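Trainee: quick one: sequence plus predicted model below, questions after.
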Amino acid sequence: MKFRDMVISLCMFSVCNVAIAKIGSSENASDSGAGSSGRGGVSDEIVQRPYEEQFATHGKLPPSTILVMPWLTGPLLTPSAHVVPVGHINIEPYLFANTTYGVYNSNWSSQSVPNFYTLNPLVPIQIGIISRVDFSMTPQLSWNKTSISNPDHSASNWVANDLPISMGIQLLYDSEEHWWPAIKLNLQANVPIGRYNHLNPDKLGTNIGGAGNWFPGIQLMMSRLIHFTGLHYLAMRWGAGITVPTTVEVDEFNAYGGGFGTEGIVYPGITVNAILGLEYTLSQNWGLALDALYVHSERTRFSGTAGSTAGVLNSIGGPSSDQFSLAPAFEYNWSAQVGIIAGVWFTAAGRNASKFANGVVAVFNIFFSSWFFNA
């Protein structure tokens, strides 16, 4: 699996963990920050009652509750298992700085390839639309650069990427009184607005912005907060998902391969994933985080005319693949509403998949209150 496809999958899995701003009176907007649903704070990882009931009862959470609960941003990759409450919006800017520098073969051994650099700013947005249901989307751009030595040639491009969207449904809330975790179901898709077809071969793949696929899928997420002592907490998120891609019509050079004379239909394979996210609070402000991600994709088939380039039959699609990756990070929270998380995301093992390393940073949070929506 390529890094671009990994980012699309993660965005579809609602990578958005930030604090929220009440859409209503300015008084409510300032009060609601302490009980944020997106972050791993008071009501993200442990919900005593549905958030709407808490807010209606207290207007804000009791000071004694706020003081003993951890300030957490959420890990880099693993999405929250809580929906955004009605009338709230989450926005979390991310920046991925990626280098793809190798590929894993069918024997799980890695081989070096020319470095492919990607700078990928993206902004996950979550909106609470009705009780227990939220909607998310992730607008994003990429700057790609690579070079080859024979012949000596380099290329770089800014591209618009596909738009991942998701609808989250809260199946179960967690609570201090009961053992069960919070459970959220995500219904996902990918709006194929990025360029994937009729590519210029001189661009060396840097002009690829999407996959031309709607990638319908579902994911089930769970989370739970464990208290050790004082301000030391362990926040756990875990889940799994499946994507069943749609068919893609391709011509000439495209995101799936091809070349001169290529014309036909690509059948991407089903993809399944499992993800685990952990956070541990060192103090009220500082925390450590770790994500572990596994992705398996079935083979991608092609039907049509392959064509040939420079006398060689074009290759389209590929075999099944597996990829394991890790993302350790540290975080600093100035308050229950504002924090930053930074770390690395890299492949640990793979089969017929890319080998990459990322630097990642995300900043929390941006408030949009009633004056913006009424302007």
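Mentor: It's in.
Trainee: the stretch 251-375 of the chain: helices as residue ranges?
Mentor: 370-374 (DSSP state H, counting those that start in this stretch).
Trainee: where in it is pLDDT low?
Mentor: Where the stretch 251-375 of the chain drops to pLDDT under 70, the residues are 365-375.
Trainee: let's see that with 50 instead.
Mentor: Within the stretch 251-375 of the chain, the segments meeting pLDDT under 50 span 366-375.
Trainee: so which bits of stretch 96-113 are buried?
Mentor: Phe96, Ala97, Asn98, Thr99, Thr100, Tyr101, Gly102, Val103, Tyr104, Ser110 (16 or more other Cβ atoms under 10 Å). For the C-beta atoms, the positions are set from N, CA and C on the backbone; glycine is no exception.
Trainee: let's have those in JSON lines, adding distance to Asn161, pLDDT and secondary structure.
Mentor: Listed next are the buried residues of stretch 96-113 as JSON lines, based on distance: Cβ to Cβ, whole Å; pLDDT from 0 to 100; DSSP: H, G, I helix; E, B strand; the rest coil:
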{"residue": "Phe96", "distance to Asn161": "11", "pLDDT": "97", "secondary structure": "strand"}
{"residue": "Ala97", "distance to Asn161": "15", "pLDDT": "98", "secondary structure": "strand"}
{"residue": "Asn98", "distance to Asn161": "13", "pLDDT": "98", "secondary structure": "strand"}
{"residue": "Thr99", "distance to Asn161": "18", "pLDDT": "97", "secondary structure": "strand"}
{"residue": "Thr100", "distance to Asn161": "16", "pLDDT": "97", "secondary structure": "strand"}
{"residue": "Tyr101", "distance to Asn161": "21", "pLDDT": "97", "secondary structure": "strand"}
{"residue": "Gly102", "distance to Asn161": "23", "pLDDT": "97", "secondary structure": "strand"}
{"residue": "Val103", "distance to Asn161": "22", "pLDDT": "97", "secondary structure": "strand"}
{"residue": "Tyr104", "distance to Asn161": "24", "pLDDT": "98", "secondary structure": "strand"}
{"residue": "Ser110", "distance to Asn161": "26", "pLDDT": "96", "secondary structure": "strand"}
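Trainee: how close does Thr271 sit to Asn115?
Mentor: Counting by Cβ to Cβ, to the nearest Å, the separation of Thr271 from Asn115 is 26 Å.
Trainee: scratch that, Ala327 is what I was asking about
Mentor: According to Cβ to Cβ, Ala327 and Asn115 sit 20 Å apart.
Trainee: the more surrounded of these two?
Mentor: Legend: neighbour count by other Cβ atoms under 10 Å for Ala327 and Asn115, higher for Ala327 (21 against 12).
Trainee: quick check: bridge partners of that one?
Mentor: On the basis of DSSP bridges, Ala327 is bridged to Asp291.
Trainee: my guess is it contacts Ala342. True?
Mentor: No: counting by Cβ atoms under 8 Å, Ala327 stays clear of Ala342, with 10.8 Å between them.
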